Each structure stands twice: as structure tokens, then as C-alpha cells.
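Colleague: how would this look folded up:
(one chain, ligands or ions: 1)
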Amino acid sequence: MDYTQILTQIHHDIRPLLGKGRVADYIPELGKVSPHHFGMALVTPDGQTWSVGDAAVPFSIQSISKLFACTLAFGLLGEDLWRRVGREPSGNAFNSLVQLEYEQGVPRNPFINAGALVVTDVLCSRFVQAEAAVVQFLRRVSGNMAIDYDVAVAESERQHADRNRAMAYFMKSFGRIDMPVEAVVNAYCRQCAIAMTCEDLARAALFLANGGVVPWSGERVLDPSPTKRLSALMLTCGTYDEAGDFVYRVGLPAKSGVGGGIVAVLPGECAVCVWSPALDHSGNSLAGVQALEWLTTLSGHSIF
Ligand code: DON
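Modeller: Okay, here's the model as predicted:
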């Protein structure tokens, strides 16, 4: 399929929505980003790329990093990962603490903050610098060796991470965190502060659309079965407590971040990333969700 016309139409039609919603400002550095950005990139396993708008502008990937950190941890531990973190949608805000007490410090899934802290704890146990392992992985799967975390964003988050710290200490009180909390929170903040473009992120997610193999390098990241399972988790848990509505509207597995990015995959066909910083009430990019809804409607392609 030639996506040129579809992306051009989306880029045109999205304009009235740009600036609607709110840029995340609980991490002060993120609050400085203009809400009017919009970029979108779509890549296919045969190496074609379509992009519009600010698709080559780097932004803070935030919780999209949870997808790649989880890929690494799943690759290391396999099914044993699920002894430490669940696989159910939370139905609560991504930074909510309430379920943790009822469920003895086991987070519902790896894509909410508590679950991602457990995943980072797994990586901290295996690597001297967990965030460097995530950065290296992203460089490899995107092909962009310049990818790194933004020091100012990481520091801004570290200074405002008391809720994440509270969650990590709470889980540690149940014996669910092995490494020192401050080390886990620091690595987590740096991993969230990784800066990438829509083009980088679409390329980085392409292995998920290609049975676990990076198409241009031939590197196998995951076997086909864990690749399917990770995509299933994206579908049910990747867009916070809006996952049901997102799937209803878009029909693709996806992972979003409060930087305004959303990565989605159509297995066998393509990976796509959209970025627009202003968020809806759940913390998903308002224009980004709309753009993806239009993509699957106009192309007639989704997983359903
Ligand atoms: O921990 C935080 O609140 C941010 N670094 C990331 C939040 C985000 O993108 C949505 N979380 N699932």
C-alpha cells in the first residue's frame, strides 16, 4: 500500500486538534515543549518509510521506553518475568498506587509505572547501567547510533519522582524490588528521558511487526511466540486506563508516553509512530490517537 496520500490527508485534517489537550508538566522539562508539534512516520519491513510533519524532530519517549525495557527483560527472564509483574490491564491511572496494596506489591502489568519499575529492577540486577542497556538496544533496533537520553529531562524527572519512589519503596516492603530504590528510580528516569524521533521509534518497533526480527539487520530480538505475547500486552495495557477505548477506535497494539508519542504495530505489515505533545485526560496524545484512528480507517488495515 502507498501511504503517501493517507498520511498527507491526516497531516492536513489534524490541524484543528493541535494544541487541544494539555502538555504534561508534572515533569517541568516536558512542560516546555510546544503543544503544536505533529509528526508521523510509518515503516514497512521491506525498508520503505513514509513520514509527515515533525517526524524527524526528537522528543522524550517517556513510557514508550517501557516497551523496549520490557522486551529486554522478557528476553532475559522469559515467562519467569510474570512472577514479578502481571499481565492484566490496570483500569487505573498509570501512576496509581491503590492496587499495589491489595495485590501484595505485584503490579498489574509492565506498562504502568509500578510494573516498569519492577522491569527496571530486573535490568539493574543484570546490567551495571540499566538505562545504557536500553539505549544500546534502541540504537541497535533503530539503526540510529546517536540515540541517547536527555540529561535535563532525566534530572527534571528525578527531582519530581517522589510518587515513583513511593511505589518502589512500597514494593520493596513486600520484597518485590531487589536493588536499591534510588538506583532503580535513577535508571528509570533516564530510560524515560531517552529522546527519539517518530522515524527512529517506528524503525525500533518494526521487529514487533516482523515476527521478532529486525528486518534490515536480520537480528532476532525475540522468538515469534514472545513477540506475539508482547504485542498482546500492548493491545490490552499499552495506553493506560484508556486501552479499551483506544483499541475500539484504532484497532492496533500500541504503547504511548506522556511526551506525546505513540508507537503502534500492524503485525506482518508495518510499524508507525505519531507524536503530538498535548495529552488527553488519560495521558495519551490527543491528536496522536485521532491520527491513528484515521490511519486504520482510511487504510482499512488493522488487526481486526
Ligand atoms: O514516570 C513517569 O511518570 C513518566 N516518566 C512516564 C509516564 C508515562 O509516560 C506514562 N506511563 N505509563
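Colleague: where does the spatially most central residue of the chain land on pLDDT?
Modeller: Centroid check for the chain by CA atoms, centre = their mean gives Ile64 as the closest residue, at 1.6 Å. Listed pLDDT for Ile64 reads 98.
Colleague: tell me how far it lies from the ligand.
Modeller: 7 Å (CB to the nearest ligand atom, to the nearest Å). Quick note: C-beta positions are derived from backbone N, CA and C, even for glycine.
Colleague: which residue packs closest to that residue, ignoring adjacent ones?
Modeller: Spatially, and ignoring its direct neighbours in sequence, Ile64 is nearest to Gly257 (4.3 Å; CB to CB, 6 or more residues apart in numbering).
Colleague: which bits of the stretch 1-150 of the chain sit near the ligand?
Modeller: Gln62, Ser63, Phe94, Asn95, Ile112, Asn113 (CB under 6 Å from any ligand atom).
Colleague: what's the burial count for the nearest residue to the last one once chain neighbours are set aside?
Modeller: In this case it means Asn113. In this structure, Asn113 finds its nearest non-sequential neighbour in Asn95, 4.9 Å apart by CB to CB, 6+ apart. When neighbours are defined as other CB atoms under 10 Å, Asn95 has 16 of them.
Colleague: now swap in Ala271 and tell me
Modeller: 25.
Colleague: residue contacts, Gly105?
Modeller: Counting by CB atoms under 8 Å, 6 or more residues apart in numbering, Gly105 makes contact with Phe170, Met171, Ser173, Phe174, Gly175, Arg176.
Colleague: the helices in this structure, which residues?
Modeller: Under the criterion DSSP state H, helices of the chain are mapped to 4-13, 64-77, 98-102, 113-126, 130-142, 151-159, 162-173, 181-192, 198-204, 206-209, 224-237, 243-250, 286-299.
Colleague: what sits up against the helix or strand of the chain at the bottom of the mean pLDDT ranking?
Modeller: Counting by mean pLDDT, DSSP states H and E, the weakest-scoring helix or strand in the chain turns out to be helix 98-102, with a mean of 90. With CB under 8 Å, 6+ apart as the test, helix 98-102 has contacts from Ser90, Asn92, Pro107, Arg108, Ala114, Met167, Phe170, Met171.
Colleague: which parts of it are buried?
Modeller: Gln99, Leu100 (16 or more other CB atoms under 10 Å).
Colleague: any idea how far that helix is from the chain center?
Modeller: How far helix 98-102 lies from its chain's middle: 23 Å, per CA atoms, centre = their mean, to the nearest Å.
Colleague: phi and psi next, for the residue of the stretch 1-150 of the chain found nearest the ligand.
Modeller: Of all residues in the stretch 1-150 of the chain, Ser63 sits closest to the ligand, at 3.0 Å by CB to the nearest ligand atom. Here is the backbone geometry of Ser63 (degrees, to the nearest 10): phi -70, psi -10.
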